[in-house]
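Asker: Quick one: sequence plus predicted model below, questions after.
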Amino acid sequence: MVYRNVEQYPNASNVPGILILEIDAPIYFTNNNYLRERITRWINDEEDGTKSAGESSLQYVILDMTAVGNIDTSGISMFEVVKKLVDRRGLQLVLANPGSEVMKKMNKSELIENTCQEWIYLTVAEAVAACNLMLHSTKPNPGKDQEPAAWNNVDGFGCEFMYQKAISK
């Protein structure tokens, strides 16, 4: 599967109900407000776009953390704010490929335990596959009612998806 920014690849396909955001920098006090604002704005834009187009509503926000080499305490706080935002909107926050240093700090701060422990995947493809599977399940609110942990090793569906957005600074 290949994931790319839809702004750079106009022929890319969107994944209905899923917003994928790539964070490509360490998360520190100098950029955490910017990242929080951008994530919020992209969620707003995506929700507005799906409503106006009559498409499936947004249900999952996947943060691709492959390029995030480090995070400080203000970055941890930023994630807590973003988690509250997505919870208020009835969305599920999903993390893809947070590195070992980032995971160590998130675990130490108990962020993972308190926010999205069952929603962390090794790759964006696995995260998309699990979210896609949950979107097609029979329960009405998969983010709240179902445990995705059993799907953490899903290989995907052989489809080509593209990034809907990318964050850089």
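Answerer: Structure received.
Asker: Asn107 and Pro26, how far apart?
Answerer: Asn107 is 17 Å from Pro26, where distance means C-beta to C-beta, to the nearest Å. The C-beta positions use only the backbone N, C-alpha and C, and glycine is treated the same way.
Asker: Show me what whatever helix or strand Ser52 lives in is packed up against.
Answerer: Of the helices and strands defined by DSSP states H and E, Ser52 is found in helix 32-53. Judged by 3 or more C-beta pairs under 8 Å, 6 or more residues apart in numbering; DSSP states H and E, the packing partners of helix 32-53 are strand 18-22, strand 60-64, helix 73-88.
Asker: switch the cut-off to 6 Å
Answerer: Counting contacts by 3 or more C-beta pairs under 6 Å, 6 or more residues apart in numbering; DSSP states H and E, helix 32-53 packs against helix 73-88.
Asker: quick check, distance from the helix or strand just after the helix it packs on to the centre of its chain.
Answerer: Heading C-terminal from helix 73-88, the first helix or strand you meet, by DSSP H and E, is strand 92-96. On the basis of C-alpha atoms, centre = their mean, to the nearest Å, strand 92-96 sits 4 Å off its chain's mean C-alpha point.
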